[in-house]
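> from the sequence below, what's the structure:
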Amino acid sequence: MDPIWASTQLFWAFLVVLFRVGGLMVTAPVFGSPNVPAPVKIGFSTAFALALAPVTVDKVGAPPEDWWLLVGILISETLFGMLVGYLVSLFFSAVQMAGAFIDLQMGFGIFQLMNPFAPTPASLLAQFHTLLLVVVYLQVNAHHWLLASIAESFQAIPPQSVALDPVRLQPVLLDVVSQIFTLAIRIAAPATAVLIVVDAALAIVSRAVPQMPVFFVGAPAKIAMGLVTVAIVLPLVANVFVNTLPMAAQDVVSFMRAIAR
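Numbering: from 1, shown residues only. Just a heads-up that it's a prediction; the model follows:
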């Protein structure tokens, strides 16, 4: 083989991997955090592409001669990486949803803090549950299988083989949405149930003793009971996170199968 042509193929494989991994770095959990500087993301994507390009040359194939087709392929690779990262980040959104719901029941819904993992503010317990999920995510090396799935995606989905078929994507997306809402309910259910009981007890006290300022007494009671419940069920919530991450991995695999031509 002509050395120049071989080096051209290798450089094309490097570009394809770089843009696919670069898209993942934009939306993936932890990697896509606004706190991670852009040079770090670019450097990591470049290092990953340099390591992976030699083993993906055969799957990537030769670069197209048409410049518009070449640019279109690189854009589609970027979008593919962003979709994979966004799919996993949806599970973090479920955690924020559950924390925001608990905060609303406790009276913390008005407090919005800067979210280090998203461009939008988040409530207090939403931040706490997000940080807990990040710890579990890194502890079980979920970021490793995410990178491994991107590396293996070149075997199943080489460039120019993506087909966005709504019929095939619909069951995958519906399954992801149902899992996200189920996860949010499972996290928020214990504290919500306790707070409903506290509200019922305060209502009974208010009817029995109308002179008592229930609002001033009930607000600290709801906060205290809510925080105690969150602390008690914390190991169970962490276990829910651990059991959910393999489901996210399976959803990524199902998504890749659905868009493979």
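> from now on I want contacts and neighbour counts done on CA atoms only, so please keep to that.
Fine.
> now do the same contact list for the one residue sitting closest to the centre of the chain.
Central residue of the chain (CA atoms, centre = their mean): residue 89, 1.2 Å from the mean position. Contact analysis of residue 89 by CA atoms under 8 Å, 6 or more residues apart in numbering lists 27, 28, 29.
> and if we set it to 6 Å?
Contacts of residue 89 were listed using CA atoms under 6 Å, 6 or more residues apart in numbering, and they are 28, 29.
> what are the contacting residues of the one helix or strand residue 52 maps to?
Take DSSP states H and E as the rule and residue 52 turns out to sit in helix 38-60. Here helix 38-60 makes contact (CA under 6 Å, 6+ apart) with 13, 14, 17, 18, 21, 22, 158.
> so which of those residues are in helices?
13, 14, 17, 18, 21, 22 (DSSP state H).
> around residue 45, how many other residues sit close by?
Residues lying near residue 45 (other CA atoms under 10 Å) number 21.
> pLDDT, neighbour count and distance to residue 151 added to the ones in helices among the contacts of helix 38-60, as CSV?
Output for these, formatted as CSV (pLDDT from 0 to 100; neighbours: other CA atoms under 10 Å; distance: CA to CA, whole Å):
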residue, pLDDT, neighbour count, distance to residue 151
13, 81, 26, 12
14, 84, 22, 12
17, 86, 30, 8
18, 88, 26, 11
21, 88, 28, 9
22, 87, 25, 13
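> what helix or strand does the nearest residue to residue 244 once chain neighbours are set aside sit in?
Closest residue to residue 244 apart from its sequence neighbours, by CA to CA, 6 or more residues apart in numbering: residue 183 at 7.9 Å. If you go by DSSP H and E, residue 183 is part of helix 166-208.
> and residue 75, by the same measure?
helix 67-106.
> which parts of that helix are buried?
For helix 67-106, the neighbour count (16 or more other CA atoms under 10 Å) marks 73-74, 76-106 as buried.
> taking helix 166-208 as reference, get the angle to that helix.
Going by axes from the mean of the first three to the mean of the last three CA atoms, to 10 degrees, helix 67-106 is angled at 20 degrees with respect to helix 166-208.
> and helix 67-106, how far out from the chain middle?
6 Å (CA atoms, centre = their mean, to the nearest Å).
> next SSE after that helix?
Heading C-terminal from helix 67-106 (DSSP H and E), you reach helix 124-139.
> and the contacts of that next one?
96, 99, 100.
> from residue 224, how far out is the last one?
Here the distance between residue 100 and residue 224 works out to 17 Å (CA to CA, to the nearest Å).
> please apply the same query to the first one.
For residue 96, the distance to residue 224 under the criterion CA to CA works out to 21 Å.
> what of the second one?
For residue 99, the distance to residue 224 under the criterion CA to CA works out to 16 Å.
> which residues of the stretch 151-261 of the chain score low on pLDDT?
Judged by pLDDT under 70, the stretch 151-261 of the chain has its weakly predicted residues at 160, 162-165, 260-261.
> what do you get if the cut-off is 80, keeping everything else the same?
152-170, 205-219, 245-261 (pLDDT under 80).
> so residue 8 is in which element?
helix 3-27.
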